[in-house]
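Visitor: all I have is the shape, not the residue letters:
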């Protein structure tokens, strides 16, 4: 079989599998139940699976537009790239979103800031535009408020005032979508307030969930660090020398916020030695985890260790001054992947030509989009 045909079959097959897994995941979010039967539960069936396309189609459409934005721009710059590789994942025993995303593989050396900029910015801008369309449709076409009773028939006894009663004894695992500036705009100015569901019920609305997740992943992609899309953009905007200073500072701030409030000085005020040493052991593991995340911030291990200890010490001081302050520990995993594997710095380029005015405006606009899409607490778990 021709190698090109094999490649098309691989990419197409991964896409179709991802379409299935995101449809399964979408249905599970919509109905709050799983497809695999467990004792005492009613599994989902074909009717619910078909309804799951309301999530998978808009979500994969945004993801696909994002990746092909990169692809076609790379082709226009005569840079060899692969078609998108989609990564399907579905747990079956717990809720997921059905995918770990998609990526294209660049097969050429990119020799200029301009090419990095064009390829890096095309994906998030293209996906962002479609995400806005999906969110507008989601909030302008909300179903009647009684829709929630098809998901939670037990709420009918409270009527549309269910929000005053249903969450007084919230079970563990309840999930709300955190606000960002854009999401809040659509909720405030586009949605009919009489149809707007309670924050803990937003995940049952497939177009809302697809749009929100698209904003979330756009914000992660646009973090101006390393070889993320935002890293390519900022590198092209300010050049290598400045980027090599700004990027590690931004990464340090991100990791600092992610771990803020996880450990506080008061946590070590425990009544027994056993509890103290247990707390100290967990704290040591946390410091080791952060050290691994910072291990590539410098070629000198001692410098990486000093940065790690400085971050941890500052976190403890801030938590001592204000015990209520908290970051978002969910970002720690991404900080670890970014710092340990993806890298904080950017590859050098032969051509260091500055960008023209049009590209500079687009670049700062993309970073503004990052601010609009970023949520300090994207997912709130009860």
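Guide: Looks like it came in fine. Nothing here was measured: the structure is a model prediction, and the numbers come from that model.
Visitor: domains of the chain?
Guide: Per automatic domain parsing, the structural domains of the chain span 3-223+373-381, 240-351.
Visitor: Three-state assignment for the residue most central in space within the chain, please.
Guide: The central residue of the chain, meaning the one whose C-alpha is nearest the mean C-alpha position (C-alpha atoms, centre = their mean), is residue 217 at 3.8 Å. Secondary structure for residue 217, judged by DSSP: H, G, I helix; E, B strand; the rest coil, is helix.
Visitor: quick one: least confident helix or strand in this structure?
Guide: The helix or strand with the lowest mean pLDDT-type score in the chain, counting by mean pLDDT, DSSP states H and E, is strand 379-381 (a mean of 88).
Visitor: and it, which strands flank it?
Guide: Within its sheet, strand 379-381 is paired with strand 175-177 (antiparallel), according to DSSP bridges.
Visitor: quick one: mean pLDDT for the helix or strand following the strand it pairs with?
Guide: Beyond strand 175-177 in the direction of the C-terminus, DSSP states H and E gives the next helix or strand as helix 181-189. For helix 181-189, the mean pLDDT works out to 96.
Visitor: and helix 181-189, how far out from the chain's middle?
Guide: Once both centres are worked out by C-alpha atoms, centre = their mean, to the nearest Å, helix 181-189 turns out to sit 18 Å from its chain's centre.
Visitor: give me the phi and psi for residue 327.
Guide: Main-chain dihedrals, residue 327, degrees, to the nearest 10: phi -90, psi -140.
Visitor: same deal with residue 101?
Guide: Dihedral angles for residue 101 - degrees, to the nearest 10 - are phi 100, psi -160.
Visitor: now do the contacts for it.
Guide: 63, 86, 87, 217 (C-beta atoms under 8 Å, 6 or more residues apart in numbering). Every residue, glycine included, has its C-beta placed from N, CA and C.
Visitor: so what's the residue count around residue 302?
Guide: 8 (other C-beta atoms under 10 Å).
Visitor: that one and residue 294, how far apart?
Guide: Computed as C-beta to C-beta, to the nearest Å, the residue 302 to residue 294 distance reads 12 Å.
Visitor: again, but for residue 116
Guide: Using C-beta to C-beta, one obtains 25 Å as the distance from residue 116 to residue 294.
Visitor: settle it for me: which of the two has more neighbours?
Guide: Ranked by neighbour count (other C-beta under 10 Å), residue 116 and residue 294 place residue 294 first, with 27 against 24.
Visitor: from memory the more buried one sits against residue 303, does it?
Guide: No. Residue 294 sits out of contact with residue 303 when judged by C-beta atoms under 8 Å, with a separation of 9.0 Å.
Visitor: all helices of the stretch 151-300 of the chain, in order?
Guide: Under the criterion DSSP state H, counting those that start in this stretch, the stretch 151-300 of the chain contains helices at 181-189, 206-221, 229-238, 240-259, 273-293.
Visitor: looking at those, which one is packed in the most?
Guide: helix 229-238 (a mean of 26; mean count of other C-beta atoms under 10 Å).
Visitor: between the contacts of residue 101, which is closest to residue 134?
Guide: Using C-beta to C-beta, residue 63 comes nearest to residue 134 of the contacts of residue 101, at 11.4 Å.
Visitor: separation between the closest one and residue 256?
Guide: Applying C-beta to C-beta to residue 63 and residue 256 gives a distance of 30 Å.
Visitor: state the pLDDT value of the spatially closest residue to residue 190 that is not a sequence neighbour.
Guide: Sequence neighbours aside, residue 139 is the residue nearest to residue 190 in space, at 4.3 Å (criterion: C-beta to C-beta, 6 or more residues apart in numbering). In the predicted model, residue 139 carries a pLDDT score of 97.
Visitor: same question, residue 171
Guide: For residue 171, the predicted pLDDT is 59.
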